[in-house]
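> Predicted model and sequence below, questions to follow.
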Amino acid sequence: MPEEPKRLFKTAVAAHLLNISAGHLKMQMQEKGGPLLNGKHYVLGQTTRSAIQWDVDECRATFNRLGMIHRRGAEALRQHQEA
């Protein structure tokens, strides 16, 4: 069975679906030091005025993974401080 094409959304819609601001979403782009990768989490348009297209599912999965890492680190630090 062929793979279903990914659904891509413009920045405003993607930010709304992720429940974050469009500005924060753009700050998560790899060229701005964030974890979201060009070609995986988003696709740039032909020109600088073209809309960025976002893969919301990939972004959500990455944010979830990073959130879990942060929580595990915070828990390990808390346990270390209590010891």
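Looks like it arrived, so ask away.
> give the contact list for the spatially most central residue of the chain.
When CA atoms, centre = their mean is applied to the chain, the residue found nearest the centroid is residue 59 (3.2 Å). Each residue near residue 59 by CB atoms under 8 Å, 6 or more residues apart in numbering is listed here: 14, 18, 25, 28, 36, 41-42. Every C-beta, even on glycine, is put in place using the N, C-alpha and C of the backbone.
> Mind doing that once more with 10 Å?
For residue 59, the contact set (CB atoms under 10 Å, 6 or more residues apart in numbering) comprises 9, 14-15, 17-18, 20, 25, 28, 35-36, 40-42.
> and those as a markdown table, adding neighbour count, distance to residue 80 and pLDDT?
Output for those, formatted as a markdown table (neighbours: other CB atoms under 10 Å; distance: CB to CB, whole Å; pLDDT from 0 to 100):
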| residue | neighbour count | distance to residue 80 | pLDDT |
| --- | --- | --- | --- |
| 9 | 19 | 41 | 98 |
| 14 | 22 | 38 | 98 |
| 15 | 20 | 36 | 98 |
| 17 | 14 | 37 | 98 |
| 18 | 18 | 32 | 98 |
| 20 | 15 | 31 | 98 |
| 25 | 23 | 34 | 98 |
| 28 | 19 | 29 | 98 |
| 35 | 13 | 25 | 97 |
| 36 | 21 | 31 | 98 |
| 40 | 12 | 34 | 97 |
| 41 | 24 | 33 | 98 |
| 42 | 24 | 37 | 98 |
